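In: Next one to model:
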Amino acid sequence: MPEAEHKEPKAGPILLTGGTGRLGTALRGLMPGLIAPGREELDITDLCSVERALMRYQPQVVVHAAAYTNVARAETKKALCWRVNVEGTRNLVRAALKCNLHFVHISTDYVFWGDRGGYREDDPVGPVRNYYALSKLAAEEVVRVLPRHLVIRTSFRPSPWPYPVAYTDLYTSQDYLEVIAPQIALALQNLARIPYHTLHIATERKSVYELAKRTRPDVRPASKQEAGVSLPEDISLDVSRWKLQMALLESISK
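Out: Here you go, the predicted model:
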């Protein structure tokens, strides 16, 4: 059963946070009408800055893609990670509560423990493996106080694979940015037709090493034990809900 019925949003701009990040840059290329203020204009860790930006642009939709995403460094930079991922999200939500806008939050597969894989949208989240995951889980719960929200859990990498090694003992449904970003753009362009509060946008289950080999044939196999931070065994997401929704949206657009 659908989680919620969304009313058709009024025509209006879509404001994007994190517009200079990997996903944000890709989305701006796919959706030229996005408004993506720089940090000097929209600092999500500053509530006054957030309120000024929303007042200035009057968006009907906010897409929150800004985040602290360095999983290993988050273990030693906990205050910064929390300030960006949790307090930043809280500032946006506090401002959004006054605007009745549609809020899209880009989240992560790491909100699950990650021992069995195949996680569905309505599976219980946590416990978490690391501090980054804790901050993203807390941010999700902050977003859910908004009546009109969509949490998109996803995972992506730049192409080609950016590291000399890849883990053979970590399974995932992540994919390359050029695969994931167009799917997220499709969802953003059809928010009114998505009757859910949570979506998993990812691809099929595979090892990280299998993913890496697709774009970097010389990548060396490695174990996640070498990462220096606790990582899951199988963090893959069930994407059947999104597959059905995507097929419907694509049929409508033909």
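
In: If we ignore the residues flanking it in sequence, what's nearest residue 44?
Out: Leaving aside its chain neighbours, residue 44 sits nearest to residue 88 (3.6 Å; criterion: C-beta to C-beta, 6 or more residues apart in numbering). In short, each C-beta sits where N, CA and C put it, glycine included.

In: So which bits of the helix or strand harbouring the one you found are buried?
Out: Using DSSP states H and E, residue 88 maps to helix 88-96. For helix 88-96, a neighbour-count test (16 or more other C-beta atoms under 10 Å) marks 88, 89, 90, 91, 92, 93, 95, 96 as buried.

In: give me every residue that touches the fifth one.
Out: Just to be clear, that refers to residue 92. 17, 44, 50, 62, 64, 103 (C-beta atoms under 8 Å, 6 or more residues apart in numbering).

In: Could I get the contacting residues of the third one?
Out: Yep, that's residue 50 we're talking about. Residue 50 makes contacts with 42, 43, 44, 91, 92, 94, 95, as judged by C-beta under 8 Å, 6+ apart.

In: does residue 80 really touch residue 68, like I thought?
Out: Yes. Residue 80 lies in contact with residue 68 (C-beta atoms under 8 Å); the separation is 6.3 Å.

In: which of the two has more neighbours?
Out: Between residue 80 and residue 68, counted using other C-beta atoms under 10 Å, residue 68 has the larger neighbour count: 21 against 14.

In: So the more buried one: helix, strand or coil?
Out: Taken by DSSP: H, G, I helix; E, B strand; the rest coil, the conformation at residue 68 corresponds to coil.

In: and what of residue 63?
Out: strand.

In: residues contacting it?
Out: 14, 15, 16, 17, 27, 34, 104, 106, 188.

In: Just give the nearest non-adjacent residue to the first one, would you?
Out: For residue 14, ignoring the flanking residues on the chain, the nearest one in space by C-beta to C-beta, 6+ apart is residue 61 at 4.4 Å.

In: how many neighbours does the one you found have?
Out: The local packing of residue 61 (other C-beta under 10 Å) involves 20 other residues.
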